[in-house]
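Trainee: I would like the atomic coordinates for the input below:
(2 chains)
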Number of protein chains: 2
Amino acid sequence: MKQDEILPGENPGALNALFEPRSVAIIGASDDAARIGGRPIRYLRQAGYSGAIYPVNPNRDTVQGLPAFKSISTIPHAVDLAILALPSEQVVEAVAACAEKGVKAVIVFSSGFAETDEEGAGRQNAIRQIARQSGMRVLGPNCLGAFNSATGFFGTFTQAFDDGVLPPGPISIASQSGACGGHLGYLCKQRGIGIQYWITTGNEADVDIAECILWMASSPHVKVIVVYAEAIRDGATFIRALETARRHRKPVVMLKVGRSDSGARAAASHTGALAGQDAVYDAILRQYGVFRADSIEQMLDIAVACAHGVFPPNRRLGIVTVSGGLGVQMSDAAEACGLEVGLLPVEAQARIKTMLPFAAVANPIDVTAQAINDLTVIDRCLEIALTDGDYGAIVCFLTSAPAASSMTEPLLQAFTDVHRRFPERLIVLSFAAPSAVVRRFEQAGFLVYEDVNRAVKAIAALASFAETFASSLPAPGSPSPAGTEQSTRSALRVTAADLASLNEHVAKNLLAAAGIPALPERVIRDADQARLAAAELGCPVALKILSPDIAHKTEIGGVVLNLPTPDAAASAAMALLDRVATLRPEARLTGVLVAPMCTGGIETICGVFRDPVFGPMVMFGLGGVYVEVLKDVAFRLAPFDEDEALSMVREIRGYAILEGTRGSPPADIGALTRALSALSRFAATNRDTIAEIDINPFVVMPQGQGALALDALIVPMRPDEMPHAVKPH
Amino acid sequence: MKQDEILPGENPGALNALFEPRSVAIIGASDDAARIGGRPIRYLRQAGYSGAIYPVNPNRDTVQGLPAFKSISTIPHAVDLAILALPSEQVVEAVAACAEKGVKAVIVFSSGFAETDEEGAGRQNAIRQIARQSGMRVLGPNCLGAFNSATGFFGTFTQAFDDGVLPPGPISIASQSGACGGHLGYLCKQRGIGIQYWITTGNEADVDIAECILWMASSPHVKVIVVYAEAIRDGATFIRALETARRHRKPVVMLKVGRSDSGARAAASHTGALAGQDAVYDAILRQYGVFRADSIEQMLDIAVACAHGVFPPNRRLGIVTVSGGLGVQMSDAAEACGLEVGLLPVEAQARIKTMLPFAAVANPIDVTAQAINDLTVIDRCLEIALTDGDYGAIVCFLTSAPAASSMTEPLLQAFTDVHRRFPERLIVLSFAAPSAVVRRFEQAGFLVYEDVNRAVKAIAALASFAETFASSLPAPGSPSPAGTEQSTRSALRVTAADLASLNEHVAKNLLAAAGIPALPERVIRDADQARLAAAELGCPVALKILSPDIAHKTEIGGVVLNLPTPDAAASAAMALLDRVATLRPEARLTGVLVAPMCTGGIETICGVFRDPVFGPMVMFGLGGVYVEVLKDVAFRLAPFDEDEALSMVREIRGYAILEGTRGSPPADIGALTRALSALSRFAATNRDTIAEIDINPFVVMPQGQGALALDALIVPMRPDEMPHAVKPH
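Mentor: From the prediction side, this is the model:
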């Protein structure tokens, strides 16, 4: 990478020309408004774009009534943005001409690049080179462009807006897939949802989706960010974008496709293979508070809820329903997504009971069909629930009552009255009605979902965002977020000498210095030293061969356990050294490890592997079958604090085993989370030199008795994997 | 229960008067068509009901233009069905009058019965008594009635049909909740779905939902049964209904609310407590091939798919998409719900490649936007996939292309052409468009879902139904389904003498006779017998005290393991007998069990508990923390065959442990499933006398070496729990 190249993500302002261009040239402009080179001109004019529009077409004097130019260079004004609607063979030359002209950003619609063949990949690389050398930003190729509905800039040829463009709104969308971006645009239009910024990144020769998310996270006009992605190329910028969004309290709702195993896999390390690429995304999205949607429908459901802007302060859900059965269904749905259907205080229940003697009043509050006949009942029940229930949110199910023409206005009035008295509270409605009726309630400030499960799920998502926004980001002095300065952590940095001499003993010492405790142990070279070490450490002890050339110690009898006396340790050490000399005469021998036997505790596995995109990931699980067969593991991007470590530990299904089961005391979970957080800082500090860490087993003793690494492996990165700066010379 | 009472579920024809009445009286008839007593008359006339309508109102000569009667007894004709819209206090008397008149069925709309207070419960009981004694069937009270759209019989006051009733259709609906039933009706109307029969059962004083499902399962006019239920009262009829539906290849789609723990729990036995009522429902619905929906939306999605009537012959899904990104999303969704995204044969791929050089062709087949411009591409790709892909179903994603007015007809034509050539194949479409456009495709015979995930989920549900229909029901000679004759299984029946003398040894013998193997063992009473038994059985052996008064054997040293010689067994037996005599002098002593030590194998738990509604449920899990902490258990209603036992064993998360993990051989799963099926037959045969069975551990040895009960407990039913017929006198 050359010095004069501009790094993606370093300067989010560099995307301004893509989202806020003051002038647009269309190269390959068509007079036919339905064609790829004609549609953007049509959209720009329909949307009332206030900037200059310069069609470029060497064969025409005018395009769609606008004066046309023979080439980009003949335009007598500065051009902010150029859209290229050309055959792929002509694209590189045109991009170069744009750079020459001083165009700030280019959108390449054309396909036929890296997605096609080697030749196309070469063209794409040429585009990237021009972008990096000139500083001109390039969107695409093979994309559907971008728009900013507030300025009328519609630099796209998606057919989704054939019958009219979209108004601005609180939501902005970034999509790698053009077709999916267009589809999202259509669905928003159909649902009456406005979009401010919309961008599709296609092949990402230069501008990638992480940078777009970062730009949106930094824009005052964006309230909710919707992302469709297949793979993140720039992990550090992506993390920075998510941190920025969280700092500005902007929900990110993301559909990351490729859950199936066919995606790229982490390097073939033991722990890495357990993850698979998707588990890494899943962990990171959870860690950074992104809502990971299952479907496009759910993504829009949650985005709309976020755009509403009320985030419940707690997870208690009040349920008001005209159907007892649906009340149970909502309780089920709430429990399934982590909301709490807490009881109304008894005194408040009594007040509802005087109104509705036969109703269920504890929560769900079943107001029965009577409430439809006497709307003051709904009003008073809602008031009581809002005042006395300490509910973060209320969901209210109304069957299809608002659809009856005689009921629409009275119900709207009743709810609007309540809303006026409790403007800061979240009241989500669920009913079935023609969309015109639904729109009326939405315009009055209510979220409306036809299906109660979708209503409840949306509330749960809002509660999660509230928690994400409330959780403080690491303070400047504390462990830095991934991808930023490591200088303050130099004490944790592993030296080249350490890396050169790595073995189990060295690994444990490095980890112990980083805050991951291990048993005291000694390296000995003969029987006398073994006897002395055993006496000092206290028997029983274990012996383990230390050799860089012997990976599978047990296979050659390189491990001896439960030696009851120093003398037994001495003779076992002698026998062990003899055995190794006989069986593996060529093996280099560092010595023999003597360590006290450890009994009790719960075996866990703590590991680190390097994700090619995001860097060091920490993995945790219970030992043995739990990880290897049940795949009951949790992942987090390093570094993280002890709170995050606790959420990680709690995430595994077997967490109850650590809490203590019949006859077993609770484990020292505090010691475990301290160690995991310390491991994450160690891994982040040495991200450029350490490829993998395996602490197996890491034994967690009963509460108050700590936790210990009984075995540890650190695998250094191969020199060819290291970044240039740290490569040994 | 008296002899002359009619058992619910015994005579499904008895509901004919509810679904097919030839004349209807409305008691409490109102001239106001919006009131509860007026609305059914309005609906009956709007729907063109061909039978006689008899309004009953002592204060009026006519009601809504029809001649009114002073009382039911003054109607000069036979009355098939009477609808009661009266205050609850007048209902019992009116029901009695109807029975007197010879009315065949009554619908009680009124509330104020068991759901309200003791007095109401008394009234409900009185209604039930009249029904049982007269043979007149009663629907409700506290229900919204029933309808049959084919005859125009609308015996309901739901407001869902305020602006018009529904046409008939392949779907019929049974709902315990009136509000939910009405809501389902409204949603079907909104989606353009017809319903033939619709019934709400309310408090179920007489007619219950199981009987309604059975009636629908037996009706030639019902293709798909949709059920909303909170609790099943009559387990045997429910099972019979599901078996009947399966035999007639009728999908049952059910929303059973109450997943949360608040529902009724099985009796407080160890295994029962693990289940919770909802786990029992979940197991039974799975076992009998019911689709258990998560939400009302999903229930209708799946019901509509079933109504379409094409059930894919395999789980291979072909994906045709105009968006590569959505193709990945559909692959994810398919994998998540058990469909297989199998590759297209290479030769077929090549043929597509010639058409679309830049497309992905393996499956998903990404036809790109080009297919929209040249519809022959879609046609040919579909043809190739249908001919060469061996796909049970095809899902095709079209963004919002059909919404463009220029595209609607050409796309409809293209798909109709394909459909005509492959009429038996399932092609599901996913696109976004105004509902009028969606209806056109639906009317042309296509299933259309806006969201791809919902499309894929529907296909998976259809594939599951195909498997359910293909799996043969137990043949007449084989283990009978739950709730039917046990006479053929008399060999398995436990005698009163067995029940009186139950202990571990007796339990193991009974189970061994039923086909659940145990280790050979002896009961001894002194040291000499212990020596002899140990010598015969082979050492090492274990000793276990046998006493009906000592539940916790280990606490008083009542278990001694690993005795290496017959002499050691003798002296241990003597010591054990001394210890028990000293510590528990009052305890009755049956003897001491001598059994060989068993090593190796995988510990599992096999149990039986009695669900109060459905009867004996078999439970299976791995031993120790897997069951107690991870709750990794599976349940089935007894009896079942070995195939079902295998599906049960495969259902637990820890199944891979039985398949053999690193270093462990695969377990003898065949022996395990034989034992589970045998246990289920034993439990079913003794359903009236055995309350609980615990086989813990049941050790499954490596493949070919069988499986063994190492401990067993059979708990007889208390006399007051037994049905009258088997009570000891």
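Trainee: chain B contacts on the stretch 151-300 of chain A?
Mentor: A:159-160, A:162, A:175-177, A:179-180, A:182-183, A:186-187, A:190, A:228, A:230, A:255, A:257-260, A:262, A:294-297 (CB under 8 Å from any CB of the partner chain). Where you see a C-beta, it was placed from the backbone N, CA and C, and this is true even at glycine.
Trainee: show the buried residues in these.
Mentor: Among these, the ones that count as buried by 16 or more other CB atoms under 10 Å in any protein chain shown are A:159-160, A:162, A:175-177, A:179-180, A:182-183, A:186-187, A:190, A:228, A:230, A:255, A:257-260, A:294-297.
Trainee: which ones among the residues you listed map onto helices?
Mentor: A:Ala179, A:Cys180, A:Gly182, A:His183, A:Tyr186, A:Leu187, A:Gln190, A:Ile296, A:Glu297 (DSSP state H).
Trainee: give the contact list for the last one.
Mentor: Put plainly, it is A:Glu297. B:Glu450, B:Asp451, B:Asn453, B:Arg454 (CB atoms under 8 Å, 6 or more residues apart in numbering or on different chains).
Trainee: give me the domain ranges for chain A.
Mentor: A:12-304, A:310-470, A:520-596, A:602-726 (automatic domain parsing).
Trainee: what about the closest residue to A:Ala455 other than its chain neighbours, neighbour count?
Mentor: Leaving aside its chain neighbours, A:Ala455 sits nearest to A:Tyr449 (3.9 Å; criterion: CB to CB, 6 or more residues apart in numbering or on different chains). Per other CB atoms under 10 Å in any protein chain shown, the neighbour tally for A:Tyr449 reads 23.
Trainee: what residue ranges in the stretch 401-550 of chain A score low on pLDDT?
Mentor: Residue ranges of the stretch 401-550 of chain A with pLDDT under 70: A:472-490.
Trainee: what residues does it put near chain B?
Mentor: So far as CB under 8 Å from any CB goes, the stretch 401-550 of chain A lies against chain B at A:Ala401, A:Ala403, A:Ala404, A:Ala432, A:Pro434, A:Glu450, A:Asp451, A:Val452, A:Asn453, A:Arg454.
Trainee: now the buried members of those.
Mentor: Applying 16+ other CB under 10 Å to these flags A:Ala401, A:Ala403, A:Ala404, A:Ala432, A:Glu450, A:Asp451, A:Val452, A:Asn453, A:Arg454 as buried.
Trainee: check contacts around the fourth one.
Mentor: What that stands for is A:Ala432. Residues counted as contacts of A:Ala432 (CB under 8 Å, 6+ apart) are A:Thr399, A:Ser400, A:Ala403, A:Glu450, B:His183, B:Tyr186, B:Leu187, B:Gln190.
Trainee: rerun at 10 Å
Mentor: The neighbours of A:Ala432, taking CB atoms under 10 Å, 6 or more residues apart in numbering or on different chains as the test, are A:398-403, A:438, A:448, A:450-451, B:160, B:183-184, B:186-187, B:189-191, B:296.
Trainee: swap in the last one?
Mentor: Residues near A:Arg454 by CB under 10 Å, 6+ apart: A:Glu297, A:Gln298, A:Asp301, A:Ile302, A:Ala305, A:Ala333, A:Val428, A:Ser430, B:Ser295, B:Glu297.
Trainee: any chance of these in JSON lines, with distance to B:Leu563 too?
Mentor: Formatted as JSON lines, those follow (distance: CB to CB, whole Å):
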{"residue": "A:Glu297", "distance to B:Leu563": "66"}
{"residue": "A:Gln298", "distance to B:Leu563": "62"}
{"residue": "A:Asp301", "distance to B:Leu563": "66"}
{"residue": "A:Ile302", "distance to B:Leu563": "65"}
{"residue": "A:Ala305", "distance to B:Leu563": "68"}
{"residue": "A:Ala333", "distance to B:Leu563": "57"}
{"residue": "A:Val428", "distance to B:Leu563": "68"}
{"residue": "A:Ser430", "distance to B:Leu563": "67"}
{"residue": "B:Ser295", "distance to B:Leu563": "60"}
{"residue": "B:Glu297", "distance to B:Leu563": "64"}
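Trainee: how far does the helix or strand containing A:Ala595 sit from its chain's centre?
Mentor: In this structure, A:Ala595 sits in strand A:591-596 according to DSSP states H and E. Distance, stretch centre to chain centre, for strand A:591-596: 43 Å (CA atoms, centre = their mean, to the nearest Å).
Trainee: surely A:Cys598 meets A:Ala542?
Mentor: Yes. With contact defined as CB atoms under 10 Å, A:Cys598 reaches A:Ala542; the gap is 8.8 Å.
Trainee: these two: who's more crowded?
Mentor: Just comparing A:Cys598 and A:Ala542: by other CB under 10 Å the higher neighbour count belongs to A:Ala542, 22 against 13.
Trainee: which helices and strands does the helix or strand hosting the more buried one pack with?
Mentor: In the assignment (DSSP H and E), A:Ala542 maps to strand A:541-546. Counting contacts by 3 or more CB pairs under 10 Å, 6 or more residues apart in numbering or on different chains; DSSP states H and E, strand A:541-546 is packed against helix A:504-513, strand A:522-524, helix A:527-537, strand A:559-563, helix A:566-583, strand A:591-596.
Trainee: switch to 6 Å and redo it
Mentor: strand A:559-563, helix A:566-583, strand A:591-596 (3 or more CB pairs under 6 Å, 6 or more residues apart in numbering or on different chains; DSSP states H and E).
Trainee: closest to B:Val108 out of those?
Mentor: Among those, strand A:559-563 comes nearest to B:Val108, with 76.2 Å by CB to CB.
Trainee: partners of that closest one in the sheet?
Mentor: strand A:541-546 (antiparallel) (DSSP bridges).
Trainee: the strand it pairs with: how far from the chain's middle?
Mentor: The answer for strand A:541-546 is 43 Å, by CA atoms, centre = their mean.
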